[in-house]
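> below is the structure, and that's it, no one-letter string:
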């Protein structure tokens, strides 16, 4: 590892260790947002991919069944290399159920604007 590329900074009082010379990865996570309660509840990170294109494809094919009849949003975050680094929400998708399926098992992910409940929060995919 090239120590010259290592950066030590602080986020408040938390030390941040970042590696700016290494390409970021893209993490995909699903969430359940309850409109009535106006909060997100359940979430699950599905994995990481080496490019935004691959992350988009995994959402498009609903890889691993990201919906699982539970989750209604998917987030793709760009994650730089390091510890305590700031992720960036790249894209958000909402589940559109197939109208013919009364159980909402079938459907597809549709890209949408960032919902208000996301706000300025980051690091959704790694907690």
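Yep, that arrived. No experiment lies behind these values; they were computed from the predicted model shown.
> which ones are touching the closest residue to residue 98 other than its chain neighbours?
Nearest non-adjacent residue to residue 98, counting by CB to CB, 6 or more residues apart in numbering: residue 106, 4.0 Å away. In this view, the C-beta of every residue, glycine as well, is placed from N, C-alpha and C. Applying CB atoms under 8 Å, 6 or more residues apart in numbering to residue 106 gives the contacts 97, 98, 100.
> the last one falls within a helix, correct?
Think residue 100. No: under DSSP: H, G, I helix; E, B strand; the rest coil, residue 100 sits outside any helix and is assigned coil.
> and the pLDDT for residue 121?
Residue 121 carries a pLDDT score of 70 in this model.
> and what of residue 5?
pLDDT, residue 5: 63.
> can you check residue 105 too?
At residue 105, the model reports a pLDDT of 69.
> and residue 68, by the same measure?
Residue-level pLDDT assigned to residue 68 equals 87.
> tell me how many other residues surround it.
By other CB atoms under 10 Å, the residues close to residue 68 number 13.
> that's a strand at it, yeah?
No: the assignment for residue 68 is coil, going by three-state DSSP, so no strand is present there.
> ok so, going back, the contacts of residue 106 into TSV, with extra columns for neighbour count and distance to residue 74?
Listed next are the contacts of residue 106 as TSV, based on neighbours: other CB atoms under 10 Å; distance: CB to CB, whole Å:
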residue	neighbour count	distance to residue 74
97	16	14
98	12	17
100	6	22
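> got a markdown table for those residues, with pLDDT and distance to residue 32 too?
Formatted as a markdown table, these follow (pLDDT from 0 to 100; distance: CB to CB, whole Å):
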| residue | pLDDT | distance to residue 32 |
| --- | --- | --- |
| 97 | 85 | 14 |
| 98 | 80 | 19 |
| 100 | 72 | 23 |
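> how about residue 22: what's its closest non-neighbour residue?
Distances taken as CB to CB, 6+ apart put residue 81 closest to residue 22, at 3.9 Å, once the chain neighbours are dropped.
> identify the bridge partners of residue 97.
Residue 97 forms beta bridges with residue 107, as assigned by DSSP bridges.
> need the residues that contact stretch 62-75.
28-33, 40, 42-44, 46-47, 58-59, 89, 91-95, 103-105, 107-109, 115, 118, 124-125.
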